[in-house]
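Chemist: Take this sequence and fold it.
(one chain, ligands or ions: 1)
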Amino acid sequence: MYHRVGKPESQTDQRYCVMPTRFAEQMKVLARHGHRGVSIERLLDWMDGGPPLNDKDIVITFDDGFRGVLEHAFPVLNALGWPATVFLVADEIGGTDEWHSATDPTGVRHRLLSADDIRTLQVGGWSFHSHTCTHASLTQLDDESLRTELVRSRAALTDLLGNQPYCLAYPYGHVDDRVEAAARKAGYRAAFSVQPGFNRRDVNPFRIRRIDVFGFDTPRVLLLKVRLGSNQGGLRHAAAYYWRQASRRLGIPTA
Ligand SMILES: [Zn+2]
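Modeler: Residues are numbered from 1 along each chain as shown. As a prediction, this is how the structure comes out:
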């Protein structure tokens, strides 16, 4: 899970914005180690019992629909032949990330993909899905507003994309049983959380796990995070993981 690709401009950007050169290095290292980017459709088909995926296959997603994704990430992924998915905020197409004004009033806002940008990426094999209408925290909404965010964003994006989006990414990762039920009722086929981990075939399709890629993640750290299915790519964490794996194989009980 990525957010912005571009030049970091604030404290939060250190975390949620990845420099273009670093993004290119991260992809190069993943490719060199046998990873392959596959489409979100392949993931969902596999979860439904469709064609098998490789253990090392990854799905690359970008939340919010920042324009830097077209400028900086698309050329890198295109060269590798890897598709990606963007979760769009339906009311802000061609605008800026206004929802961040609440948490970061003095911060710089950033441009979001326009309808033309989205078409360019669609032609390049990218897919687009819903990140609601306004980037609201869904768990805070009453039932009616919750329904509107889910249903209206889907309808608006259908007009824009020419096909009906069937995936959702919960803004801020905020989800509970009520939100999950509303997403199912609104007709989505799957929804993406921010809970780290691997996705096995029997994962709850409305709580698909994702690893957070931070601006300060070196390519090496990202490789470890992908291997461990964790947001922690530190060596101490890796050692603990491999110890658990080895113990399990040897039949040593672990706490
Ligand atoms: Zn978001």
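Chemist: elements contacting the helix or strand of the chain with the lowest mean pLDDT?
Modeler: In the chain, the helix or strand scored least confidently by mean pLDDT, DSSP states H and E is helix 235-250, which has a mean of 74. Secondary-structure packing of helix 235-250 (3 or more C-beta pairs under 8 Å, 6 or more residues apart in numbering; DSSP states H and E): helix 219-228. From N, CA and C alone the C-beta is placed, and that goes for glycine too.
Chemist: mind listing what's buried in the least confident helix or strand of the chain?
Modeler: Buried residues in helix 235-250, counted by 16 or more other C-beta atoms under 10 Å: 238, 241.
Chemist: Surely L30 is in contact with L224?
Modeler: No: using C-beta atoms under 8 Å, L30 is not in contact with L224; the gap is 11.3 Å.
Chemist: Specify the beta-bridge partners of S127.
Modeler: Beta-bridge partners for S127, by DSSP bridges, are T85.
Chemist: residues contacting it?
Modeler: For S127, the contacting residues are 39-41, 83-86, by C-beta atoms under 8 Å, 6 or more residues apart in numbering.
Chemist: let's see 7 Å
Modeler: By C-beta atoms under 7 Å, 6 or more residues apart in numbering, the contact set of S127 is 39-41, 83, 85.
Chemist: Chain neighbours aside, what residue packs nearest to G34?
Modeler: What sits nearest to G34 in space, not counting adjacent residues and going by C-beta to C-beta, 6 or more residues apart in numbering, is K56, at 5.1 Å.
Chemist: hey, where'd the helices end up in the stretch 1-150 of the chain?
Modeler: Taking DSSP state H, counting those that start in this stretch as the test, the helices found in the stretch 1-150 of the chain are 13-16, 20-32, 40-47, 68, 74-80, 115-123, 143-161.
Chemist: and the gap between Y2 and R236?
Modeler: According to C-beta to C-beta, to the nearest Å, Y2 stands 25 Å off from R236.
Chemist: likewise Q26?
Modeler: Following C-beta to C-beta, the distance that separates Q26 from R236 is 21 Å.
Chemist: Tell me how many other residues surround K56.
Modeler: Here the number of neighbours of K56 (other C-beta atoms under 10 Å) works out to 12.
Chemist: Can you report phi and psi for it?
Modeler: For K56, the backbone dihedrals (degrees, to the nearest 10) come out as phi -90, psi 0.
Chemist: Surely it touches H35?
Modeler: Yes: K56 lies in contact with H35 (C-beta atoms under 7 Å); the separation is 4.8 Å.
Chemist: surely D117 meets E71?
Modeler: No: the pair D117 / E71 is not scored as a contact, 9.2 Å apart, by C-beta under 7 Å.
Chemist: higher neighbour count, the two?
Modeler: Legend: neighbour count by other C-beta under 10 Å for D117 and E71, higher for D117 (20 against 14).
Chemist: who's in contact with that one?
Modeler: Contacts of D117 by C-beta under 7 Å, 6+ apart are 67, 70.
Chemist: Please repeat the previous calculation with a cut-off of 10 Å.
Modeler: By C-beta atoms under 10 Å, 6 or more residues apart in numbering, the contact set of D117 is 65, 67, 69-71, 74, 86, 93-94, 111.
Chemist: So which of those belong to strands?
Modeler: V86 (DSSP state E).
Chemist: What subset of the contacts of D117 is buried?
Modeler: So, by 16+ other C-beta under 10 Å, the buried ones in the contacts of D117 are 65, 67, 69-70, 74, 86, 93, 111.
Chemist: So of these, which two are at opposite extremes in space?
Modeler: Put simply, by C-beta to C-beta the two of the buried ones among the contacts of D117 set farthest apart are F74 and I93, 17.1 Å from each other.
Chemist: hang on, isn't R111 packed against E98?
Modeler: No: counting by C-beta atoms under 10 Å, R111 stays clear of E98, with 11.6 Å between them.
Chemist: Just give me the closest of the contacts of D117 to G187.
Modeler: Closest approach between the contacts of D117 and G187, by C-beta to C-beta: V86, at 19.9 Å.
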